[in-house]
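Undergrad: can you look at this prediction? I've put the sequence above it.
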Amino acid sequence: MHYHCEIWLPEVLNYSDATYKVERMLQNYHEESKRGFYDWYVIGGRYTGSHDNYNPQDDIKNITLCSICNGKGIRDNPPPSPALRGCNGCSGTGTSTKYSYVPHSEDVMEQDKVVDDLSCYTLIIAKGRWPKILHDFNDQVKPYLKSENLTGGCLVTVDCHN
């Protein structure tokens, strides 16, 4: 199961530094450890663009030739169902979205610049030696951070899987 995780870091970092810090922190929480909650993760992933309403499916860098019809829009072999017309991989367009999106720099963003209605399933506050992990959070991130007097810093979008 995929779930949307946001990680709050107390300092504003660029994409490279923030992802490095997140990756080092998450090493302690792989499912093989007693505190584990994921078996793999990726920065952004299917939740890429959550900070700024970016749609990765509209980004030309994430579009590729359909591998089922080789860009023709019609299958060479019979479709799996007679009801299907054209190509079921691309709906006849000849293109499809890549399986893994290109990195989106705004998946690491200053807290103040993130959209106001950002919500997530898991929120991690990476402050102090051990982060505070809120599973089943399902609430808006910015008001919660404000209520905890956590200002500034940046948020990192993570697609976790377990």
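TA: Perfect, I can see it now. Residues are numbered from 1 along each chain as shown.
Undergrad: OK, contacts around residue 106?
TA: If you count contacts by C-beta atoms under 8 Å, 6 or more residues apart in numbering, residue 106 has them with 49, 51-52, 54. Bear in mind the C-beta positions are built from the backbone N, C-alpha and C, glycine included.
Undergrad: can you point out the buried residues in the longest helix along the chain?
TA: Of all the segments of type helix in the chain, defined by DSSP state H, the longest one is helix 15-26. Neighbour counts over helix 15-26 (16 or more other C-beta atoms under 10 Å) mark 15, 18-19, 21-22, 25-26 as buried.
Undergrad: by contact count, what packs against that helix?
TA: Helices and strands touching helix 15-26, as assessed by 3 or more C-beta pairs under 8 Å, 6 or more residues apart in numbering; DSSP states H and E, comprise strand 2-9, strand 40-43, strand 108-110, strand 154-161.
Undergrad: ok, which of these comes nearest residue 135?
TA: strand 2-9 (8.8 Å; C-beta to C-beta).
Undergrad: what's the spacing between the closest one and its chain's center?
TA: Distance, stretch centre to chain centre, for strand 2-9: 8 Å (C-alpha atoms, centre = their mean, to the nearest Å).
Undergrad: returning to what we had before: can you lay out the buried residues of helix 15-26 as TSV showing pLDDT and distance to residue 7?
TA: Output for the buried residues of helix 15-26, formatted as TSV (pLDDT from 0 to 100; distance: C-beta to C-beta, whole Å):
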residue	pLDDT	distance to residue 7
15	95	13
18	96	9
19	95	10
21	94	9
22	94	5
25	91	8
26	90	8
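Undergrad: between those residues, which is nearest residue 41?
TA: Among the buried residues of helix 15-26, and counting by C-beta to C-beta, the member closest to residue 41 is residue 26, at 6.3 Å.
Undergrad: residue contacts, the nearest residue to the closest one once chain neighbours are set aside?
TA: Using C-beta to C-beta, 6 or more residues apart in numbering and skipping the chain neighbours, the partner closest in space to residue 26 is residue 41 (6.3 Å). The neighbours of residue 41, taking C-beta under 8 Å, 6+ apart as the test, are 5, 26, 158-161.
Undergrad: list the buried ones in stretch 147-162?
TA: Neighbour count says stretch 147-162 has 150, 153-160 buried, by 16+ other C-beta under 10 Å.
Undergrad: low-confidence regions, the chain specifically.
TA: Across the chain, the ranges flagged by pLDDT under 70 are 79-84.
Undergrad: quick one, strands of it?
TA: Along the chain, counting by DSSP state E, strands occupy 2-9, 40-43, 63-65, 95-97, 108-110, 119-120, 122-125, 132-134, 139-140, 154-161.
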